[in-house]
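>>> What shape does this take:
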Amino acid sequence: RASFPLPRAIPLLRAGSSKEVHLNSLQVASLLANAFFCTFPGSAAREQTGKFPSINFTSIFEADKVSNSSKRHKLLCIFHYFDRLAQRLDSCNVGEHGNEPWGE
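As a prediction, the model looks like this:
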């Protein structure tokens, strides 16, 4: 049975909070992939979560004043990260997780 990298919601932490969230590389990759594909809820959900900024990468895909060269380099960086991660994951066993990476 395959396990989902993020078995429950990650707690939202406000500035000045003393709490911590620990994520492994597979969980970070899952968050980045979802942000890249803009799967997180939009502005209506932010109203319910205390106006946290959007994690989605919509600004990379929007036409605005930021240069295309800058956006291109951001995308190349993201692609390079996933390429390196895929190489690393090919050589390790993923799926067996110990305790939850964040506390109750």
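>>> For the rest of this, base every contact and every neighbour count on C-alpha atoms.
OK.
>>> and the helix or strand that Leu75 is a member of, what's its mean pLDDT?
Under DSSP states H and E, the secondary-structure element containing Leu75 is helix 68-90. Computed over helix 68-90, the mean pLDDT rounds to 85.
>>> Give me the contact list for it.
Ala29, Ile60 (Cα atoms under 8 Å, 6 or more residues apart in numbering).
>>> okay, which residue is most central for the chain?
In the chain, the C-alpha nearest the mean C-alpha coordinate belongs to Leu31, at 2.3 Å (Cα atoms, centre = their mean).
>>> How about the backbone phi and psi for that residue?
Dihedral angles of Leu31 (phi, psi; degrees, to the nearest 10) stand at phi -60, psi -50.
>>> returning to that earlier point: ok, and for the helix holding Leu75, which residues are buried?
Across helix 68-90, burial judged by 16 or more other Cα atoms under 10 Å covers Leu75.
>>> hang on, the earlier thing: distance check, the residue nearest to the centre of the chain against Gly16.
From Leu31 over to Gly16 the distance is 23 Å, taken as Cα to Cα, to the nearest Å.
>>> Equivalent analysis for Ala9, please.
Distance, Ala9 to Gly16, by Cα to Cα: 20 Å.
>>> Could I get the full set of strands for this structure?
Read by DSSP state E, the chain holds no strands at all.
>>> For this protein, which segments count as helices?
25-36, 43-48, 58-61, 68-90 (DSSP state H).
>>> would you list the ones you listed in a markdown table and tack on distance to Pro5?
Below are the helices of the chain laid out as a markdown table (distance: least, Cα to Cα, whole Å):
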| stretch | distance to Pro5 |
| --- | --- |
| helix 25-36 | 5 |
| helix 43-48 | 22 |
| helix 58-61 | 23 |
| helix 68-90 | 13 |
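>>> right, and those - which one's nearest Phe4?
Between Phe4 and the helices of the chain, the shortest gap by Cα to Cα is with helix 25-36, which sits at 9.0 Å.
>>> can you state the direction angle for the closest one and helix 68-90?
Relative orientation of helix 25-36 with respect to helix 68-90: 150 degrees, computed using axes from the mean of the first three to the mean of the last three Cα atoms, to 10 degrees.
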